[in-house]
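Visitor: What shape does this take:
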Amino acid sequence: KVLAPGYYARHDMRSPMRIAVCVLVLTQLLNLVLVPVLQHAALTLTIALGAVVNAVWLLVGLVRRGSYRPEPGWGRFVAKVIVASAVLGLLLAWGAQHFDWVGLRAVRVQRMGLLALFVVGAAALYFAVLAALGVRLRNFIKR
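Guide: The predicted structure follows:
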């Protein structure tokens, strides 16, 4: 939705459509491979991977055509976001193993409170890592 208009502005309707069809085929092939192994979780994973492939493919096409030129510093920013996301992923993996979320179904209020605390803590950790890496958090606030 963000990158396709770069093609439409140059009256190129075919490229985004071709990319979308290729990504759709890739997603279905990934489903065939991953669903037997990961069951229903594979569906979410393949959709997310398809979205990433689609965005990267569209972005690469715009950069190659000269329609988009990232400003200096974007590479460093993306690297910092990847590091913060990896730390967040480690925390989420730890939480999935450390807490018995299914067993907590019996005590709904405790489960909701723990989940709320975990979500807030995860968000705080993510932004703390970004801040420690030098990202100005004020840039995330829309004015």
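Visitor: what's the domain layout of the chain?
Guide: If you go by automatic domain parsing, the domain ranges for the chain are 4-65, 74-140.
Visitor: What's the mean pLDDT across the last one?
Guide: Per-region confidence: domain 74-140 scores 91 on mean pLDDT.
Visitor: Any idea how many residues pack against residue 36?
Guide: 9 (other Cβ atoms under 10 Å). Any C-beta I mention is one placed from the backbone N, CA and C, and that applies to glycine too.
Visitor: How much space separates it from residue 43?
Guide: According to Cβ to Cβ, to the nearest Å, residue 36 stands 12 Å off from residue 43.
Visitor: List the contacts of residue 115.
Guide: Shown in contact with residue 115 (Cβ atoms under 8 Å, 6 or more residues apart in numbering): residue 101.
Visitor: Now do the phi/psi pair for it.
Guide: phi -60, psi -40 (degrees, to the nearest 10).
Visitor: Ranking the domains of the chain by mean neighbour count, which comes first?
Guide: domain 4-65 (a mean of 14; mean count of other Cβ atoms under 10 Å).
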